[in-house]
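A.B. asks: pasting the sequence and the predicted coordinates here, then a few questions.
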There are 2 protein chains.
Amino acid sequence: MTSLTRALFWHAPTTQRVPRRHLHRYPTRCYLISTLLPDKEDQLVAPLAIDTAILDVDGTLIDSNYHHALAWSRAFDRFDYRVPLWRIHRTIGMGGDKLVTAVAGEDAESRDGDALRDAWTEEYDAIISEVAAFDGATELMAALRDRGITVVLASSGIPQHTENALKLLDDGEHLDASTTSEDAEESKPDPELLDKALEKAGGFNAIVIGDSVWDMKAAKQREIPAVALLCGGFGRDELLEAGAAVVLDDPRALLKDLGPVLGDLG
Amino acid sequence: MTSLTRALFWHAPTTQRVPRRHLHRYPTRCYLISTLLPDKEDQLVAPLAIDTAILDVDGTLIDSNYHHALAWSRAFDRFDYRVPLWRIHRTIGMGGDKLVTAVAGEDAESRDGDALRDAWTEEYDAIISEVAAFDGATELMAALRDRGITVVLASSGIPQHTENALKLLDDGEHLDASTTSEDAEESKPDPELLDKALEKAGGFNAIVIGDSVWDMKAAKQREIPAVALLCGGFGRDELLEAGAAVVLDDPRALLKDLGPVLGDLG
C-alpha cells in the first residue's frame, strides 16, 4: 500500500469488492485500487472522503446578489440600456466579463463593456456597506474545517469585492485559501476557477457549495458534486437542471444537515 | 334563450353536447345551459370566452420587485431586523400588511409593523424614479382590449405606488379599472382583491396575469386560470406549484402567444 492509498483509507475506510467489468459505473471520485491488484477479477473500490469544499461567495456566504443586480441595473441605466432586473439577477455569479454580453448582447460588450463594469463597481461600492453575511455562513466554514475539510473560496468577483466579503466572514478566520477573478483567465461558468481553487487547496476530492446556476454548471463540467443554496434567489428547478445534487435554503440549513449531505456526496 | 345566454354564445359560439353525468368534469367557468334543457339527458356546454384580464402590477407590468425588496431590506435594517433579501423577494406581491409577519415574525409585526411599513414607503420613494415598465407591458394591455377583454389592475400596493405605476403604463390609457390595497380588507394571497377587481370590471370569466406565487394562490382559490410571468424573479417551479396554468418570461412573451394562451385557458 502506498502512503497515498493509506491516507485515503484513513479518510474513507469503507471499501467494497467490485467486478472489473463494473468499474465504469464508479464515478471518478472513487479511488480504484486496481493498481494494487492488477490480476484480480474483483477490484477494491474505496470512495474518497471529501477533502475540499469550494465555496462561492456572492449569494452563497454573503447576501449581496440583490445589491449586485441593482448596481448592474444602475450601470446599464447610465448607458441607456434597458435590461430587466430579473435577467441581471439570473446572471449574477457569472464573471462580470461575461455578464454584459449575456444580458445586453455582444454589441453592448464591445462598445461599452469596460465602461459598464467600471460603472457597476462604482454603483456597488455605493451600497456595499449594506451587504451582510448570511446567518450561519462563518459557522458553516468552521464546521467544514472541524471535519478536516480544506475550505477555499472560488469567487468570480473582483479582488476588492472579495476582500470586503472576507471582512464580513470573520476576516477569513475559517478559510484556507481563496481565489478571485484574477486567478483564472476564464470566469464561471467555465470550471477553470474550480481547478485553481482545488490546486490552491492542495485537494483532489471536492464539493462545490454555491447559489447560482453558473456554480452548478462549472461543477458539473468537472464532475464535482454540488450543493445549491436558494439564498441567492435562484429557483430550485433552475439549480437542479444545472446539475445541483442537493438544494437547501441557506448556510444555516446546510450546517444543520452537513453530516448527511457530505455522506451522500462523498 | 335568455339575453345572458345569447351574449355568451356571441362571445363563445362553440358548444358541445355532454352527458349529464359528465357535467362535473367541466370547470365552473364553462356555462352549463342545463336551465334551458332541464329534461334532456344531454346538456349543451358552452365554454365562456374570457371577458376580463386581472393584472398584477409590481413584477408583472413594472420592473419594481427588486426595488421593493431592497426598500424592505433597508426598512428592516433601520429597526435591526436581519432578514435576507431572497426571503423578502419571495414575499413581494403579498400585501404589505402580511409581509412583515411573513418574513420577520408576529412579534416584529406587533412591535414595529406600521413603523416598518412607513420606513419601506420612504425607502421605496427614494428609488421609485428608477422603476420602469417592462418591455411589452402597455402593448399587452392594448392587445387584450383589442380582443374585447376588459383590463383591470389588481395590485396589493398602496394607492400612491399604483398611481406611479399607472404613469409608467401610458397613464393607464389601456385600462378599464384598477384596485389598490384600499379596495379590499384582505390583501393577497387572499382572493378578495380579485373579487373586487372582477366586480369593478363588471366581468365574470377572468384570467389572472401575475408574477408571484401570491397571485397564483389567490387565483387558484377562485378557480381562475392564471398566467405567471418570470420577470418578477420567482422560479418556474414555485409558480407552477402555486397553481400557474402557464409560465412565460415576460409581457412581451405573453403578447407574442396571446391568442393560443387565451384559447387554452378560455
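C.D. replies: In hand now; what should we look at?
A.B. asks: shaky segments in chain A?
C.D. replies: A:1-48 (pLDDT under 70).
A.B. asks: which segments of it make up each domain?
C.D. replies: A:3-47, A:52-63+A:132-265, A:65-130 (automatic domain parsing).
A.B. asks: can you say which of the ones you listed is packed in most?
C.D. replies: domain A:52-63+A:132-265 (a mean of 21; mean count of other CB atoms under 10 Å in any protein chain shown). From N, CA and C alone the C-beta is placed, and that goes for glycine too.
A.B. asks: end to end, how far does stretch A:175-191 reach?
C.D. replies: 21 Å (CA to CA, to the nearest Å).
A.B. asks: residues making contact with that stretch?
C.D. replies: Outside stretch A:175-191, the residues that touch it by CB atoms under 8 Å, 6 or more residues apart in numbering or on different chains are A:93-98, A:141, A:145, A:150-159, A:162, A:166, A:169, A:172, A:192-193, A:195-197, A:200-201, A:212-215, A:217-219, A:221-222.
A.B. asks: now stretch A:119-135
C.D. replies: Under CB under 8 Å, 6+ apart, the answer for stretch A:119-135 is A:60-64, A:67-68, A:70-72, A:74-75, A:78-79, A:96, A:158, A:160-161, A:164, A:168-169, A:231, A:250-252, B:73-74, B:77, B:82, B:84.
A.B. asks: please redo it, this time with the cut-off set to 7 Å
C.D. replies: A:61-64, A:67-68, A:71-72, A:74-75, A:78, A:96, A:164, A:168-169, A:231, A:250-252, B:82, B:84 (CB atoms under 7 Å, 6 or more residues apart in numbering or on different chains).
A.B. asks: check stretch A:207-224 too.
C.D. replies: So stretch A:207-224 is contacted by A:27-28, A:50, A:53-56, A:59-60, A:92-94, A:188-191, A:194, A:206, A:225-229, A:231-232, A:234, A:238-239, A:242-244, A:254, A:265 (CB under 7 Å, 6+ apart).
A.B. asks: so how far is it off the chain centroid?
C.D. replies: In terms of CA atoms, centre = their mean, to the nearest Å, the centre of stretch A:207-224 is set 6 Å apart from its chain centre.
A.B. asks: can I get it in CSV, CA atoms only?
C.D. replies: The C-alpha trace of stretch A:207-224 is given here as CSV (Å, rounded to 0.1, in the frame of the first residue of the first chain):
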residue,chain,number,x,y,z
ILE,A,207,-17.6,19.5,-3.3
VAL,A,208,-18.8,22.9,-4.6
ILE,A,209,-21.2,25.0,-2.5
GLY,A,210,-22.9,27.7,-4.5
ASP,A,211,-26.1,29.6,-5.2
SER,A,212,-26.2,30.2,-8.9
VAL,A,213,-26.7,28.0,-12.0
TRP,A,214,-23.1,29.1,-13.0
ASP,A,215,-21.6,27.4,-10.0
MET,A,216,-23.6,24.3,-10.8
LYS,A,217,-22.6,24.3,-14.4
ALA,A,218,-18.9,24.7,-13.6
ALA,A,219,-19.0,21.9,-11.1
LYS,A,220,-20.9,19.6,-13.4
GLN,A,221,-18.2,20.0,-16.1
ARG,A,222,-15.6,18.7,-13.6
GLU,A,223,-18.0,16.0,-12.2
ILE,A,224,-17.7,17.7,-8.7
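A.B. asks: strands of the stretch 151-266 of chain A, start to end?
C.D. replies: A:177-179, A:206-210, A:226-229, A:246-248 (DSSP state E, counting those that start in this stretch).
A.B. asks: export these to JSON lines and tack on distance to A:G105?
C.D. replies: Formatted as JSON lines, the strands of the stretch 151-266 of chain A follow (distance: least, CB to CB, whole Å):
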{"stretch": "strand A:177-179", "distance to A:G105": "29"}
{"stretch": "strand A:206-210", "distance to A:G105": "26"}
{"stretch": "strand A:226-229", "distance to A:G105": "28"}
{"stretch": "strand A:246-248", "distance to A:G105": "31"}
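A.B. asks: B:V261: which of the domains of chain A is closest?
C.D. replies: Smallest distance to B:V261 across the domains of chain A (CB to CB): 20.0 Å, for domain A:65-130.
A.B. asks: span of that closest one from start to end?
C.D. replies: OK, domain A:65-130 end separation, CA to CA: 12 Å.
A.B. asks: how far away from the center of its chain is that domain?
C.D. replies: On CA atoms, centre = their mean, the centre of domain A:65-130 falls 21 Å from the chain's centre.
A.B. asks: quick one, helices of the stretch 101-250 of chain A?
C.D. replies: Using DSSP state H, counting those that start in this stretch, the helices found in the stretch 101-250 of chain A span residues A:106-127, A:137-146, A:159-168, A:192-201, A:213-221, A:236-241.
A.B. asks: mind putting those in JSON lines, distance to A:L258 included?
C.D. replies: Below are the helices of the stretch 101-250 of chain A laid out as JSON lines (distance: least, CB to CB, whole Å):
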{"stretch": "helix A:106-127", "distance to A:L258": "31"}
{"stretch": "helix A:137-146", "distance to A:L258": "6"}
{"stretch": "helix A:159-168", "distance to A:L258": "21"}
{"stretch": "helix A:192-201", "distance to A:L258": "18"}
{"stretch": "helix A:213-221", "distance to A:L258": "18"}
{"stretch": "helix A:236-241", "distance to A:L258": "19"}
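A.B. asks: let me see the contact set for A:V57.
C.D. replies: A:153, A:155, A:157, A:162, A:165.
A.B. asks: and the residues you listed, which two are furthest apart?
C.D. replies: Maximum distance among the contacts of A:V57 (CB to CB): 9.5 Å, for A:L153 and A:G157.
A.B. asks: who in chain A is up against chain B?
C.D. replies: Proximity of chain A to chain B is confined to A:63, A:66, A:69-70, A:82, A:84-86, A:89, A:132, A:134-135, A:230-233, A:235-238, A:250 under the rule CB under 7 Å from any CB of the partner chain.
A.B. asks: if we compare the helices of the stretch 101-250 of chain A, which one ends up closest to B:D118?
C.D. replies: helix A:106-127 (21.7 Å).
A.B. asks: the inter-axis angle of that closest one versus helix A:159-168?
C.D. replies: Here the directions of helix A:106-127 and helix A:159-168 differ by 40 degrees (axes from the mean of the first three to the mean of the last three CA atoms, to 10 degrees).
A.B. asks: nearest residue to the one residue in the stretch 151-266 of chain A that gets nearest to chain B other than its sequence neighbours?
C.D. replies: In the stretch 151-266 of chain A, the residue that lies nearest chain B is A:G235 (2.0 Å; CB to the nearest CB). Once flanking residues are discounted, A:G235 sits nearest to B:G235: 2.0 Å by CB to CB, 6 or more residues apart in numbering or on different chains.
A.B. asks: how near is that neighbour to B:R90?
C.D. replies: Distance, B:G235 to B:R90, using CB to CB, to the nearest Å: 9 Å.
A.B. asks: contacting residues around the residue lying closest to A:V247 once chain neighbours are set aside?
C.D. replies: Leaving aside its chain neighbours, A:V247 sits nearest to A:A228 (4.7 Å; criterion: CB to CB, 6+ apart). Listed by CB under 7 Å, 6+ apart, the contact set of A:A228 reads A:210-211, A:216, A:239, A:244, A:247.
A.B. asks: A:A228 pairs with what?
C.D. replies: A:G210, A:V247 (DSSP bridges).
A.B. asks: pretty sure A:A154 contacts A:T52?
C.D. replies: No: counting by CB atoms under 7 Å, A:A154 sits too far from A:T52 to count as a contact (10.4 Å).
A.B. asks: ranges for the strands of the stretch 1-150 of chain A?
C.D. replies: A:16-19, A:30-32, A:42-47, A:52-55, A:150-154.
A.B. asks: got a list of contacts for the last one?
C.D. replies: Contacts with strand A:150-154, where a contact means CB under 7 Å, 6+ apart, come from A:51-57, A:141, A:144-145, A:174-179, A:193-194, A:197, A:200-201, A:203.
A.B. asks: give me that answer again for 8 Å
C.D. replies: A:51-57, A:61, A:141, A:144-145, A:162, A:165, A:174-179, A:193-194, A:196-198, A:200-203, A:208.
A.B. asks: could you measure from A:A143 over to A:L262?
C.D. replies: Taking CB to CB, one finds A:A143 at 10 Å from A:L262.
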